[in-house]
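K.L.:
show me the folded form of this:
(one chain, ligands or ions: 1)
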Amino acid sequence: MKKNREIEAAVSSIIKALGENGEREGLKDTPRRVAEALRELTEGYSVDPKSVLDVEFNETSGMVVSKDIEFFSLCEHHMLPFFGKVHIGYVPRNKVVGISKLARLVEVFSKRLQLQERMTKQVADSIDKQLSPLGVIVVVEAEHLCMKMRGAKTDSKILTSELRGLFEDFKAREEFFELLRLRSGE
Ligand SMILES: [Zn+2]
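P.N.:
Residues are numbered from 1 along each chain as shown. Predicted coordinates:
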């Protein structure tokens, strides 16, 4: 893989600049391993989000909630992990998707150099565009290692949300959060 070679060379430089001996046993394969890991952690770039949601038509139209979708991402400011859970709710107009597809959509947007706020928005926009639901809400709770391991060492979780359509109405939001609470009791 030609592109991995570039990453490997860059990682070798970083190891050297940190004052380490890149030739020693524990580090000599590190550039290759880091390149492979970075490819895997950013493989969302090579997937078209439109290809992920295979829409089905359906007349029923209650609120659909998918809770606790796990994700792992890399913050674009430090290239350090941030990770946590995504909760999605939508009220179909006439199109639905399998729950696993929502998890896959989250994966496609999380496996990139990302910002939590943008990822939240991209997931909401994608569902909004492809399903044209009556409303969609996306809530992301995450821990950022760039905050936990360095600087202020804050332990707090960051919460972001995006809402469209009828979720702008307080009652719909309440129903969504009520469903999240109910399902956590299962
Ligand atoms: Zn960061």
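K.L.:
the chain against the ion: which residues are in contact?
P.N.:
75, 77-78, 146 (CB under 5 Å from the ion). All C-beta spots, glycine's among them, are computed from the backbone N, C-alpha and C.
K.L.:
look up phi and psi at the closest residue to Glu43 other than its chain neighbours.
P.N.:
Leaving aside its sequence neighbours, Glu43 sits nearest to Lys111 (CB to CB, 6 or more residues apart in numbering; 5.2 Å). With angles defined as degrees, to the nearest 10, Lys111 sits at phi -80, psi 70.
K.L.:
quick one: contacts for Lys111?
P.N.:
40-45, 72-73 (CB atoms under 8 Å, 6 or more residues apart in numbering).
K.L.:
make it 6 Å
P.N.:
When contacts are counted by CB atoms under 6 Å, 6 or more residues apart in numbering, Lys111 touches 41-44.
K.L.:
out of the residues you listed, who's the most crowded?
P.N.:
Gly44 (19 neighbours; other CB atoms under 10 Å).
K.L.:
pretty sure that one sits in a strand.
P.N.:
No: applying DSSP: H, G, I helix; E, B strand; the rest coil, one finds Gly44 to be helix, outside a strand.
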